[in-house]
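Enquirer: could you look at this predicted model? Sequence included:
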Amino acid sequence: MKEDLFNKRPLVTKLSAGFLAAALGVTAVFSPVAEGAGGGNPNSAGTAAPVEDTSAEEEFSPILSNDKPAVAEVRVNNMPNRIITTINGDTRSGMAFNWYTTDLFEDAKVWVSKSGNFDDTMEFAAEASEVTSSYGERDENGNYIFGEVKEDKEGEPVEDENGEPVINGYYTDRQAHGAEWMSGDYGHIELTDVTEYSYKAQAADLEPNSTYSYKVGSESGEVSEIGTFKTSGESGDPFKFVHYTDTQNAFWNENVRNEASFGANTLMNALETAGDADFVLHTGDVVETAEVEDEWVDLFGQSQPYFMQAAMAVASGNHDEYALNYGDEPLTEKFNEHVNVPAANDEIDGGSYYSFDYNGVHFVTLNTNDNKESEDNPEGKAIGEEQMQWIREDVEAARDNGAEWIVLNYHKPLYSKSYHSLQDEDVQKVREELTALIDELDIDLALQGHDHVISRTHSLTHVPTEENFSNAEVEDVETFVGDNGVEYMEDPDGTVYVLPNTGGTKEYDDVYSKGLNHLHEVRPDLDWMTQEDMDHYNSLFGFGGQPQDTEAFEESHSNNRDSSTQNFAIYEVEDDEMIVSMYQLSGDFMLGEERNVELVDQFGIQNGDN
């Protein structure tokens with residue numbers, strides 16, 4: 001690329017495993033330098049070299065070179081890449097698209113065809129935005145280049161007179177192995193800033209209840225492969241959607257144990273299991289570090305065949321605005337640069353909040369990154385006052401318009417089987433207010449992410465904090481078993497909170513099921529919990545736990561980003577009935593093992609008087 005497109009910045013990223021364990025999640029397979037926008041079959045063990053089990057080896061101590069390896073240029077990639085089809089606006093007649101190229105193509109567009117043969121093509125122009133993408137430095141083989149930072153006697157990084165880290169020597173991730181590396185103790189890396197273009201297009205005037213084919217690109221450049229999406233139909237028409245979460249692939253493991261391939265494989269299996277899903281819902285932490293563009297390229301590249309099979313509805317997670325260096329200002333535009341979703345109140349802040357209707361179901365996507373202290377949000381709550389008021393007005397309007405179901409989807413959980421739900425300060429500040437609003441608005445389901453553990457509550461109703469710290473009690477709901485063998489809740493007043501673990505490799509433990517002493521040891525900030533508190537909190541759940549079995553959980557709430565167990569949920573809706581099925585994937589395909597899909601939890605809800 002042209003030299004004037006580069007702006008190199010040194011960054012120190014010696015993050016502790018403790019911090020990453022407290023804040024991360026995962027996924028992962030191809031080198032963006034080698035493969036650009038990637039692709040490939042995430043079931044294929046040939047997509048990356050089988051990873052040798054080195055978790056029991058000695059601490060990673062690389063052989064250093066005095067000279068920094070030659071840095072390879074970020075390759076020009078003008079084939080449309082990082083393609084995603086997203087719900088934006090009226091789902092009966094429209095669809096939105098987002099993609100990237102290195103250079104600007106002013107005639108960029110999307111072609112849409114109902115026949116699939118493009119003999120009836122509709123064309124929609126795309127709007128291009130110039131963006132700055134930051135790529136990790138690599139050598140000619142696609143390996144990341146790291147520097148070992150000199151430390152003082154206290155283990156703190158030593159800086160030179162210019163405030164730059166003093167480097168003992170250099171190495172690449174070709175040598176990388178071990179639990180500490182996997183968890184994020186990777187040293188120093190520099191990023192290279194590159195100018196690229198993000199394209200947004202919206203198709204309109206489509207026919208309802210129809211399947212369309214599409215491709216994106218430009219006549220003066222390249223054109224993508226063909227994808228498909230569905231428009232919605234009438235209220236009460238049957239439909240299915242897939243829910244998965246926290247694919248967040250760590251760039252430093254791309255060539256060690258590629259995490260993006262697990263996110264792609266999870267989605268592939270979810271779509272195959274659903275058979276005919278109308279769309280996919282992702283509840284945040286698409287990537288691990290928003291600033292490192294390699295992660296977006298890897299995740300979108302691995303998942304591209306499946307992102308192009310169904311439209312996506314995506315909530316933003318905390319990692320989707322994270323800078324490389326902990327403590328740096330978040331990159332609040334990154335999520336919306338990559339994902340073409342609405343922004344209610346024109347608010348883009350590490351994501352956006354918005355809603356849409358699909359066959360009589362009203363979906364409300366919240367932005368829990370709305371947690372910066374401001375005039376609107378002086379306490380730094382996960383959701384500010386403007387968004388809270390929007391939730392009320394949006395749901396009330398949806399009910400007035402005849403919505404039969406209301407489904408919230410957001411990242412940071414109010415109820416889960418791991419620690420975030422009771423520890424995240426910004427969530428605790430909004431817990432009572434938000435759960436009260438959810439109860440008042442008669443929300444049916446709340447779909448969550450962030451905690452990397454599988455859980456599903458009973459139907460919960462709100463109680464004030466003065467009565468119980470959790471702001472919830474289990475509703476006494478009538479149940480019945482349908483002809484299909486599914487146990488249904490009959491017209492519940494409360495809300496069921498669902499979290500399908502993770503689509504990636506980073507998992508958290510079910511810390512509330514291992515005794516009070518263990519909880520206090522691994523999460524000292526929860527030392528206020530008594531046995532009575534723990535018993536009550538556990539009683540809120542109808543199903544939950546951590547499916548991964550690892551020695552890491554003996555002394556930590558977190559694993560080493562090494563799980564090959566992922567989960568997803570499928571929701572089937574028709575008229576006044578909804579069935580929720582949670583599935584579990586197991587088997588490490590990177591080691592040549594077969595992937596198994598198992599139904600682990602299922603329940604139904606019947607609304608109305610039938």
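Expert: Okay, I see it.

Enquirer: for residue 57, report the pLDDT, please.
Expert: For residue 57, the model assigns a pLDDT of 57.

Enquirer: contact partners for the closest residue in space to residue 527 that isn't next to it in sequence?
Expert: Leaving out its chain neighbours, the residue that sits closest to residue 527 by C-beta to C-beta, 6 or more residues apart in numbering is residue 520, at 4.7 Å. C-beta coordinates here come from the backbone N, C-alpha and C atoms, glycine included. Neighbouring residues of residue 520 by C-beta atoms under 8 Å, 6 or more residues apart in numbering: 526, 527, 529.

Enquirer: okay, the first one and residue 536: tell me how far apart.
Expert: Summarising the geometry, the distance separating residue 526 from residue 536, computed by C-beta to C-beta, to the nearest Å, is 14 Å.

Enquirer: burial of residue 225, as a residue count?
Expert: 14 (other C-beta atoms under 10 Å).

Enquirer: please apply the same query to the one 3 residues further on.
Expert: When neighbours are defined as other C-beta under 10 Å, residue 228 has 15 of them.

Enquirer: name the element it belongs to?
Expert: Here residue 228 sits within strand 227-230, counting by DSSP states H and E.

Enquirer: packing partners of the next helix or strand after that strand?
Expert: Going down the chain from strand 227-230, the next helix or strand is strand 239-244, by DSSP H and E. Contacts defined by 3 or more C-beta pairs under 8 Å, 6 or more residues apart in numbering; DSSP states H and E place strand 239-244 against helix 260-274, strand 279-282, strand 496-500, strand 566-574.

Enquirer: just checking: what are the partner strands of strand 239-244?
Expert: Using DSSP bridges, the strands paired with strand 239-244 are strand 279-282 (parallel), strand 566-574 (antiparallel).

Enquirer: what are the ranges of the strands in the stretch 251-400 of the chain?
Expert: 279-282, 311-314, 354-358, 361-365 (DSSP state E, counting those that start in this stretch).

Enquirer: distance to residue 382 added to these, as CSV?
Expert: Shown next, in CSV, are the strands of the stretch 251-400 of the chain (distance: least, C-beta to C-beta, whole Å):
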stretch, distance to residue 382
strand 279-282, 18
strand 311-314, 18
strand 354-358, 17
strand 361-365, 14
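
Enquirer: out of the ones you listed, nearest to residue 584?
Expert: Taking C-beta to C-beta, strand 279-282 is the member of the strands of the stretch 251-400 of the chain nearest to residue 584, at 17.9 Å.

Enquirer: those helices in the stretch 301-450 of the chain, which residues are they?
Expert: 334-338, 385-400, 420-423, 425-440 (DSSP state H, counting those that start in this stretch).

Enquirer: out of those helices, deepest packed?
Expert: Mean neighbours per residue, mean count of other C-beta atoms under 10 Å, is largest over the helices of the stretch 301-450 of the chain for helix 334-338, with a mean of 24.

Enquirer: output that helix as PDB, nothing but the C-alphas.
Expert: Written as PDB, here are the backbone C-alpha positions of helix 334-338 (Å, rounded to 0.1, in the frame of the first residue of the first chain):
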ATOM      1  CA  LYS A 334     -15.800   0.700  15.900                       C
ATOM      2  CA  PHE A 335     -18.900  -1.500  16.300                       C
ATOM      3  CA  ASN A 336     -21.000   0.700  14.100                       C
ATOM      4  CA  GLU A 337     -18.300   0.900  11.500                       C
ATOM      5  CA  HIS A 338     -18.500  -2.900  11.100                       C
END
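
Enquirer: which residues are contacting that helix?
Expert: Contacts to helix 334-338, defined as C-beta under 8 Å, 6+ apart, come from residues 82, 84, 98, 129, 131, 198, 286, 290-291, 296, 300, 316, 320-321, 343, 348, 350-352.

Enquirer: so how far is that helix from its chain's centroid?
Expert: Centre-to-centre, helix 334-338 and its host chain are 13 Å apart (C-alpha atoms, centre = their mean, to the nearest Å).

Enquirer: host element of the residue nearest to residue 527?
Expert: Going by DSSP H and E, residue 520 is part of helix 516-522.

Enquirer: now do the buried residues in the next helix or strand along the chain from that helix.
Expert: Where DSSP H and E defines the elements, the next helix or strand beyond helix 516-522 is helix 531-539. Buried residues in helix 531-539, counting neighbours by 16 or more other C-beta atoms under 10 Å, are found at 533, 534, 536, 537.

Enquirer: name the helices or strands packed onto helix 531-539?
Expert: Counting contacts by 3+ C-beta pairs under 8 Å, 6+ apart, helix 531-539 is packed against helix 516-522.

Enquirer: run the chain-centre distance for the helix it packs on.
Expert: From the chain centre to the centre of helix 516-522 is a distance of 28 Å (C-alpha atoms, centre = their mean).

Enquirer: same question, stretch 305-316
Expert: That offset, for stretch 305-316, works out to 11 Å (C-alpha atoms, centre = their mean).

Enquirer: using CSV, list the CA coordinates for it.
Expert: Provided in CSV are the C-alpha atoms of stretch 305-316 (Å, rounded to 0.1, in the frame of the first residue of the first chain):
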residue,chain,number,x,y,z
PRO,A,305,-20.2,-18.2,4.6
TYR,A,306,-22.7,-18.2,7.6
PHE,A,307,-23.0,-14.4,8.0
MET,A,308,-24.2,-14.6,4.3
GLN,A,309,-26.8,-17.3,5.0
ALA,A,310,-29.1,-15.3,7.2
ALA,A,311,-29.5,-11.7,8.4
MET,A,312,-28.0,-10.7,11.7
ALA,A,313,-29.3,-8.7,14.6
VAL,A,314,-26.3,-7.7,16.8
ALA,A,315,-26.0,-6.1,20.2
SER,A,316,-22.7,-4.5,21.2
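
Enquirer: for that stretch, the averaged confidence score.
Expert: pLDDT averaged over stretch 305-316 gives 98.

Enquirer: one more: stretch 279-293?
Expert: Here the average pLDDT along stretch 279-293 is 98.

Enquirer: can I get the helices of the stretch 301-450 of the chain in JSON lines with distance to residue 91?
Expert: Formatted as JSON lines, the helices of the stretch 301-450 of the chain follow (distance: least, C-beta to C-beta, whole Å):
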{"stretch": "helix 334-338", "distance to residue 91": "19"}
{"stretch": "helix 385-400", "distance to residue 91": "13"}
{"stretch": "helix 420-423", "distance to residue 91": "30"}
{"stretch": "helix 425-440", "distance to residue 91": "23"}
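
Enquirer: so what sits opposite residue 96 in the bridge?
Expert: Under the criterion used here (DSSP bridges), residue 96 is bridged to residue 86, residue 202.

Enquirer: now residue 511: phi and psi?
Expert: Main-chain torsions, residue 511, degrees, to the nearest 10: phi -70, psi -10.

Enquirer: hmm, I was thinking of residue 370
Expert: Main-chain dihedrals, residue 370, degrees, to the nearest 10: phi -80, psi 50.
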